[in-house]
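Undergrad: I would like to see how this sequence folds:
(chains A and B)
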Protein chains: 2
Amino acid sequence: MTKQKEIVVAIDGTGGDRGFLPVVNAVRFALALYPSLKLIIFGPSDLSSALAKAGVDAKRYEFRLASQNIPQDEDPKEVLSGYRKSAMRLAVEAVKNGEAHAVVSGGGTGPFVVLCRHILGTIGRVRPALCARMPSGPNHFTLMLDLGANASSSAEDLYDFAILGNAAAKLYQGISDPRIAVLNVGTEAGKGNRLIQEAKELIRADHNLLFEGFVEANRIFCGDCDVIVTDGFTGNVALKAAEGVASIFAKSSGIKRFFAKLACPDWLTPWQYNGSLLLGVNGIAVKSHASAGDEALAVAMVEAAKAAQCDLYELMKEELERTVSKR
Amino acid sequence: MTKQKEIVVAIDGTGGDRGFLPVVNAVRFALALYPSLKLIIFGPSDLSSALAKAGVDAKRYEFRLASQNIPQDEDPKEVLSGYRKSAMRLAVEAVKNGEAHAVVSGGGTGPFVVLCRHILGTIGRVRPALCARMPSGPNHFTLMLDLGANASSSAEDLYDFAILGNAAAKLYQGISDPRIAVLNVGTEAGKGNRLIQEAKELIRADHNLLFEGFVEANRIFCGDCDVIVTDGFTGNVALKAAEGVASIFAKSSGIKRFFAKLACPDWLTPWQYNGSLLLGVNGIAVKSHASAGDEALAVAMVEAAKAAQCDLYELMKEELERTVSKR
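TA: Predicted coordinates:
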């Protein structure tokens, strides 16, 4: 491995359904996994004590007191006008003012998207979207977006998502010509509603994109394509429905739980793919699952560092300015 | 068990991805499982020979030659104007003209919905929807609709689906006050897009319905409610995403496949809940999964017979005329 530059990631230490407890272990794991990583951790004083008690190397992180937490369903206007000293806001601001290369939060999707859009701003006029890596075979991930940054989307928005996903698959996954598909209820050309049909026409007409047609939700994990485009409502439902079935297996009791662990393909361990990138904002912003455990949260921190290491934001900005300007 | 009346079910013997081969075994299973069942089977001559060769009791079924098959993605206008002698159309007509109590098809959802709506007509002005039974715990099913009868839906349509699902849960599942929820990206009152919010207001305002609020897709299989209302696009995606994960486990190879079978909860065997009811049309119409195997197709046939046995259509018509007329 070539020498890595030092990466600083700002951590919202208040988010997540499980409070700050997973944060301590996640910080330990992430620092161990990524030697050139440093963290700026925003959170309550209890978190500071817990980090010190756990023996986390004080040279690898800086703690900043920020005990204010933003409720998941807070009104966007309130998120922007109040909560000036919240851990989430201060962590996003650390990217804006150049102290950190990336920000990670396990807090509410709504507040996080609002703050990132407002504070970091968007690349050109592109519509930002949450992009997850869906495991789709051994050593293969399929990027899927939007996973819920937007409550409703136009055909132009879906086209933006295709451009964002295409750039991310190229730069982040190293795929030269990412295969792009639109999530639909069938693969036949005429299937789906008007939104889907209009988005299809826009994406197909762009010769910078390798459009492969439609993909059905039962094929998300099959690796038929590299980027799956969908609106935030549908994408969120698809992801959660998949999680729901996986958790039936994971939450079964006694001997069945044991068999479920043995049955699960090696490449489908949920915590391996935590951390959705909010693509289209000026900076690297990673949303961790609210119910993420420590392993999953550590993965989100490392993904943020990897994205910063490969200059994902700068490269995406160049790519988008080159392709979107042709519109 | 009280003596059951004889039920006649019309079978489209051409539908399904696997051709007519699963039909032969499914017919054998269904006739064995449901002693008072008789079938009218429409299909190609090969199917007739196969049924005879398999030794299916000739007194329990009548075969009618209909080799014409409707492609899954056929244009609705073509479906209605052409294919006059198709197995699917003739099977639907058998319900219309009173020869059969119910129809079962594993063909394309689009053509089946178009033919049922056109030939059978709808109950009042209600918008028909495909309603599946989602396994949600031992001996518990949650009805979910629409699963794809409609490509796009208005808030009024979602309200119709709530009324249809409520009636079906009462009459078919025997639940006195079905708990109704709307599928959404979060459970907080303000979550979701405009469609969801408008539908919520309509459903909540109807005092014949016990509205429980929103449900997230990861809770579909948890039994939190009895009826889940969603638009056909989202519902189809949710169902297929769930199937996609389940099939990763089912399709794993070697020892992992063995463990997956052992890990699966007893109540979550996929073929146990095949057969979606097309609610809101004048008659009982059941859509079997296109890729259903013989066990699953047999379950769809038996579900159709059960729905006919409890006079589901007549009772739903009464219930809808009583409640919808209040609008």
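
Undergrad: ranges for the helices of chain A?
TA: Along chain A, counting by DSSP state H, helices occupy A:21-33, A:45-53, A:76-81, A:87-96, A:109-115, A:155-173, A:194-205, A:232-250, A:254-263, A:294-309, A:312-324.

Undergrad: Could you name the helices and strands sitting against the third one?
TA: Spelled out, it's helix A:76-81. When contacts are defined as 3 or more C-beta pairs under 8 Å, 6 or more residues apart in numbering or on different chains; DSSP states H and E, helix A:76-81 packs onto helix A:109-115. Glycine gets a C-beta too; all of them are placed from N, C-alpha and C.

Undergrad: Quick one: distance of the helix it packs on to the chain centre.
TA: Centroid displacement of helix A:109-115 relative to its chain, using C-alpha atoms, centre = their mean, to the nearest Å, is 12 Å.

Undergrad: coming back round to it: and the helices of chain A, which one's lowest on average pLDDT?
TA: Of all the helices of chain A, helix A:254-263 carries the lowest average pLDDT, namely a mean of 60.

Undergrad: Spell out which residues make up each domain of chain A.
TA: A:1-124+A:280-310, A:127-269 (automatic domain parsing).

Undergrad: sorry, back to before: can you lay out the helices of chain A as TSV showing mean neighbour count?
TA: Below are the helices of chain A laid out as TSV (neighbours: other C-beta atoms under 10 Å in any protein chain shown):
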stretch	mean neighbour count
helix A:21-33	20
helix A:45-53	15
helix A:76-81	14
helix A:87-96	25
helix A:109-115	25
helix A:155-173	24
helix A:194-205	18
helix A:232-250	24
helix A:254-263	15
helix A:294-309	24
helix A:312-324	17
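
Undergrad: List the buried residues in stretch A:127-143.
TA: Neighbour-count burial for stretch A:127-143, counted by 16 or more other C-beta atoms under 10 Å in any protein chain shown, picks out A:127-136, A:141-143.

Undergrad: count of neighbours near the residue lying closest to A:Ala169 once chain neighbours are set aside?
TA: Spatial nearest neighbour of A:Ala169, excluding adjacent residues (C-beta to C-beta, 6 or more residues apart in numbering or on different chains): A:Pro178 at 3.6 Å. Neighbourhood size, A:Pro178 [other C-beta atoms under 10 Å in any protein chain shown]: 21.

Undergrad: Surely A:Pro178 is in contact with A:Asn166?
TA: Yes - the criterion here is C-beta atoms under 8 Å, and A:Pro178 meets it with A:Asn166 at 5.3 Å.

Undergrad: so what sits against both of these two?
TA: A:Val227 (C-beta atoms under 8 Å, 6 or more residues apart in numbering or on different chains).

Undergrad: ok so, going back, take the helices of chain A and write them to a markdown table, including distance to A:Cys222.
TA: A markdown table is the format used below for the helices of chain A (distance: least, C-beta to C-beta, whole Å):
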| stretch | distance to A:Cys222 |
| --- | --- |
| helix A:21-33 | 29 |
| helix A:45-53 | 41 |
| helix A:76-81 | 36 |
| helix A:87-96 | 35 |
| helix A:109-115 | 26 |
| helix A:155-173 | 16 |
| helix A:194-205 | 20 |
| helix A:232-250 | 12 |
| helix A:254-263 | 18 |
| helix A:294-309 | 22 |
| helix A:312-324 | 26 |
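
Undergrad: closest one to B:Asn282 among the domains of chain A?
TA: With C-beta to C-beta, the closest approach to B:Asn282 among the domains of chain A belongs to domain A:127-269: 25.5 Å.

Undergrad: Pull the distance from the closest one to the chain's centre.
TA: 13 Å.

Undergrad: What parts of the stretch 101-250 of chain A come near chain B?
TA: By C-beta under 8 Å from any C-beta of the partner chain, the residues of the stretch 101-250 of chain A that approach chain B are A:148, A:151-152, A:183, A:185-186, A:188-195, A:216-222, A:230, A:232-234, A:236-249.

Undergrad: try 6 Å this time
TA: Contacts of the stretch 101-250 of chain A with chain B, taken as C-beta under 6 Å from any C-beta of the partner chain, map to A:148, A:151-152, A:185, A:188, A:193, A:216-218, A:220-221, A:233-234, A:236-238, A:240-246, A:248-249.

Undergrad: Neighbours of the closest residue to A:Gly43 other than its chain neighbours, how many?
TA: Leaving aside its sequence neighbours, A:Gly43 sits nearest to A:Gly13 (C-beta to C-beta, 6+ apart; 2.7 Å). A:Gly13 has 34 neighbours, counted by other C-beta under 10 Å.

Undergrad: Could you report the distance from A:Gly13 to chain B?
TA: A:Gly13 is 23 Å from chain B, where distance means C-beta to the nearest C-beta, to the nearest Å.

Undergrad: per-residue confidence at that residue?
TA: 93.

Undergrad: give me phi/psi at it?
TA: phi -80, psi 10 (degrees, to the nearest 10).

Undergrad: Hmm, it is touching A:Ile41, no?
TA: Yes - using C-beta atoms under 6 Å, A:Gly13 makes contact with A:Ile41 at a distance of 5.1 Å.

Undergrad: residue contacts, A:Met134?
TA: By C-beta atoms under 6 Å, 6 or more residues apart in numbering or on different chains, A:Met134 lies in contact with A:Thr142, A:Met144, A:Ile220.

Undergrad: Quick check, A:Ala149 in contact with A:Ala129.
TA: Yes - A:Ala149 lies in contact with A:Ala129 (C-beta under 6 Å); the separation is 5.1 Å.

Undergrad: shouldn't A:Lys287 be in contact with A:Ser276?
TA: Yes - using C-beta under 6 Å, A:Lys287 is in contact with A:Ser276, at 4.7 Å.

Undergrad: Not counting sequence-adjacent ones, nearest residue to A:Val126?
TA: The nearest residue in space to A:Val126 (C-beta to C-beta, 6+ apart) is A:Gly280, at 4.6 Å.

Undergrad: ok, the one you found - how many residues close by?
TA: 30.

Undergrad: again, but for A:Arg60
TA: Residues lying near A:Arg60 (other C-beta under 10 Å) number 15.

Undergrad: A:Leu277 now?
TA: Residues near A:Leu277, counting by other C-beta under 10 Å: 30.

Undergrad: And the pLDDT for A:Tyr273?
TA: pLDDT recorded at A:Tyr273 is 68.

Undergrad: got it, and A:Lys251?
TA: For A:Lys251, the predicted pLDDT is 64.

Undergrad: And A:Glu188, by the same measure?
TA: We note a pLDDT of 87 for A:Glu188 in this prediction.

Undergrad: what's the closest non-adjacent residue to it?
TA: Spatial nearest neighbour of A:Glu188, chain neighbours left out: B:Asp73 (3.5 Å); criterion: C-beta to C-beta, 6+ apart.

Undergrad: Any idea how many residues pack against the one you found?
TA: 14.
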